[in-house]
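**Q** Please work out how this folds:
(chains A and B)
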Amino acid sequence: MLDINLLRQNPDEVIAMLHRRSMADDAGKVQELLDIDRTRKEMVQRADDLKALRNRVSKEIADIKRAGQGSAEELIVQMKSVSDQITGLDASLTKLESDMEELLLTLPNKLHPSVPEGRSAEDNVLYRGPFEFAHQLDFPVKNHLELGKSLGLLDFERGAKISGAGFPVYIGKGARLERALINFMLDTHTANHGYTEVFPPFMVNQESLRGTGQWPKFADQVYHMPEDGLYAIPTAEVPVTNLHRGEMLDTDKLPIAYAAYSACFRREAGSYGKDTRGFLRVHQFNKVEMVRFTRPEKSYEALEEILGHAEAILCALKIPYRVITLCGGDISANAAKCYDIEVWSPAEDKYLEASSVSNFEDYQARRSNIRFKPDGKSKPEFVHTLNGSGLATSRLMVSLLEHYQTADGKVKVPEVLQPYTGFDVIG
RNA sequence: GGAGAGGUCGCAUAGUUGGUCUAGUGCGCUCGCCUGGAAAGCGGGUAGGGUGUUACAGCCCUCGAGGGUUCGAAUCCCUCUCUCUCCGCCA
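**A** Residues are numbered from 1 along each chain as shown, chains lettered A, B, ... in the order given. The predicted model follows:
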């Protein structure tokens, strides 16, 4: 959520941002918000004046009653009408304020000046890489589906039977390899990168979705359990960031760094037909997520650190990748700046997104009211929140199986995973 | 799912015949005095949001959340939520 003060003081900056994001259609919302804001202030002033009057006169009535002399009847009649006016004003105010918040919630985050200009994914800019690791693939490569099937690691057909398309089943060494990846990543982040491990709930309430920005904008992408008012998390970012919703964080505890495994659930509505094969697009996948809460002036430093932590996993696994900076037209509405890490798939002959690393600045903190006091006694300020996948296993599994395959149809296990799998080759 | 008890300013508590509670007290924290220094003692301060102001002040709102009754609610009524105890069911 944007600061209403930013709109008041610098509406042109907000409109310019909307253009950079290719969201010029939303520019009208800015003036609409400013109009509501002005009306609201006037009404608050009137209501407050009346409340002050009522408080004062109620005290006089109390004095008269206590003294037991004189009649308060006339005052009571007057205050009755004052109270009626207040009730009316408060009702209008509640409506105005909720309108205002709904509008404000739909506006995207500011963009960092370093975010490249551009309209779509075509315009994203290479930030680092590509990084190659030696893999001898001097034979016709199989794709991850063929390998998963021939080696009995993955079963998409039975997943479709028990749940639906896009719900993969891991079996035998496939399941073990998946679990090894998750454990390796969590261990690395907690032991080497300073994160505290969190195992969060996989279902959250609507307030939590609102806090991180998935609601209301991405409501149609989230699985919903209406009976209980719960939503399946699309990423661990949601429960983990919301751990501190509504809290005043101890300044000396900052920065806070959490690493969390979770299954992630996404409806992927509207994307049927694109990249549907196997792991390329699924409704449920596993991911280890890094989440940070920092002081505002430290957040861009933290962004680079998180990116480095995700890259460290790929380097350890020796999986080829590159890092791109998302342009204004492609970056998500919640992020002020975002890097994507893409892993190379030799069978698909293209890069696949395996991680997003984002700085949300105070956008989520403002929505979820997460603050700290800079020097212990001054006014509270919003923290900056960040997160990065470190990483999602689905695309990682594609790249891993394909790169580590051998000419005779087996798959070697990356060296760093062998202590976790207990075997060094599959097949 | 059923029954009961309870959620008060960091912590602990007072408050329950509605008006002196715009919330008392203790602890903690903090500033000052005292002291060679410290403890003790004494005195002051000790939330957030809105509005407003150059900045103060002032005013409004918040006693789990939201409604209601009333001139006026921490105090009465309703709904929800969380915690604890017991019963039932169950991975």
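**Q** mind listing the helices in chain A by residue range?
**A** Counting by DSSP state H, chain A has these helices, from start to end: A:4-9, A:11-20, A:28-67, A:73-106, A:144-150, A:156-162, A:173-192, A:206-212, A:237-241, A:299-317, A:363-368, A:393-403, A:418-421.
**Q** so of those, which one's packed in deepest?
**A** helix A:237-241 (a mean of 27; mean count of other CB atoms under 10 Å). To be clear about C-beta, it is placed using only N, CA and C from the backbone, and glycine gets the same treatment.
**Q** Send over that helix as CSV, restricted to the C-alpha atoms.
**A** The C-alpha coordinates for helix A:237-241 follow below in CSV (Å, rounded to 0.1, in the frame of the first residue of the first chain):
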residue,chain,number,x,y,z
GLU,A,237,6.1,-15.5,1.8
VAL,A,238,2.5,-15.1,3.0
PRO,A,239,2.5,-16.9,6.4
VAL,A,240,6.1,-15.9,7.2
THR,A,241,5.8,-12.2,6.4
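**Q** ok, back up a step: for residue A:379, find the nearest of the helices of chain A.
**A** Ranking the helices of chain A by distance to residue A:379, with CB to CB as the measure, places helix A:4-9 first at 13.3 Å.
**Q** so can I have TSV of the helices of chain A showing distance to residue A:330?
**A** Shown next, in TSV, are these (distance: least, CB to CB, whole Å):
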stretch	distance to residue A:330
helix A:4-9	23
helix A:11-20	11
helix A:28-67	21
helix A:73-106	19
helix A:144-150	26
helix A:156-162	29
helix A:173-192	26
helix A:206-212	20
helix A:237-241	19
helix A:299-317	17
helix A:363-368	17
helix A:393-403	18
helix A:418-421	35
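**Q** Identify whichever of these lies nearest to residue A:290.
**A** Proximity to residue A:290 (CB to CB) singles out helix A:299-317 among the helices of chain A, at 5.4 Å.
**Q** For chain A, list the residues in contact with RNA strand B, please.
**A** A:41, A:44-45, A:47-49, A:51-52, A:54-59, A:61-62, A:65-66, A:76, A:79-80, A:82-83, A:87, A:94, A:248, A:371, A:373, A:379-380 (CB under 7 Å from any atom of the strand).
**Q** one more time with 6 Å, if that's ok
**A** Counting by CB under 6 Å from any atom of the strand, chain A comes close to RNA strand B at A:41, A:44-45, A:48, A:51-52, A:54-55, A:58, A:61-62, A:65-66, A:76, A:79-80, A:83, A:380.
**Q** In the stretch 101-250 of chain A, which residue sits nearest RNA strand B?
**A** residue A:248 (6.9 Å; CB to the nearest atom of the strand).
**Q** measure that residue to residue A:293 for me?
**A** 12 Å (CB to CB, to the nearest Å).
**Q** again, but for residue A:32
**A** 32 Å.
**Q** Let me see the contact set for residue A:51.
**A** Counting by CB atoms under 8 Å, 6 or more residues apart in numbering, residue A:51 touches residue A:86.
**Q** Just the pLDDT for it.
**A** On pLDDT, residue A:51 comes in at 90.
**Q** looking at it, residue A:405 is touching residue A:399, isn't it?
**A** No. Taking contacts as CB atoms under 8 Å, residue A:405 lies outside contact range of residue A:399: 11.1 Å.
**Q** What residue, apart from its backbone neighbours, is nearest residue A:166 spatially?
**A** Leaving aside its sequence neighbours, residue A:166 sits nearest to residue A:283 (CB to CB, 6 or more residues apart in numbering; 3.8 Å).
**Q** give the contact list for that neighbour.
**A** A:163, A:164, A:165, A:166, A:167, A:265, A:266, A:267, A:268.
**Q** Buried ones among those residues?
**A** The neighbour count (16 or more other CB atoms under 10 Å) marks A:166, A:167, A:265, A:266, A:267, A:268 as buried among the contacts of residue A:283.
**Q** In strands, which of these appear?
**A** Judged by DSSP state E, the subset of those located in strands is residue A:265.
**Q** Show me which of the buried ones among the contacts of residue A:283 has the smallest pLDDT value.
**A** residue A:268 (82).
**Q** Report the contact partners of that one.
**A** Per CB under 8 Å, 6+ apart, neighbours of residue A:268: A:166, A:221, A:281, A:283.
**Q** Check the burial of the third one by counting its neighbours.
**A** For residue A:281, the neighbour count with other CB atoms under 10 Å is 19.
**Q** For it, give me the pLDDT.
**A** At residue A:281, the model reports a pLDDT of 84.
**Q** my guess is it meets residue A:166, correct?
**A** Yes. When contacts are counted by CB under 8 Å, residue A:281 is listed as touching residue A:166 (6.9 Å).
**Q** ok, residue A:25 to RNA strand B distance?
**A** 28 Å (CB to the nearest atom of the strand, to the nearest Å).
**Q** And that residue, what's its pLDDT?
**A** Looking at residue A:25, the pLDDT reads 92.
**Q** same check, this time on the one 10 residues further on
**A** Turning to residue A:35, the model gives it a pLDDT of 92.
**Q** quick check: domain ranges of chain A?
**A** Split into domains by automatic domain parsing, chain A comes to A:4-106, A:121-426.
**Q** and these as CSV, adding distance to residue A:112?
**A** As requested, the domains of chain A are arranged in CSV below (distance: least, CB to CB, whole Å):
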stretch, distance to residue A:112
domain A:4-106, 11
domain A:121-426, 4
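**Q** Can you list the low-confidence ranges for chain A?
**A** A:69, A:270-276, A:376-377 (pLDDT under 70).
**Q** Grab the nearest non-local neighbour of residue A:288.
**A** Nearest non-adjacent residue to residue A:288 (CB to CB, 6+ apart): residue A:185, at 4.3 Å.
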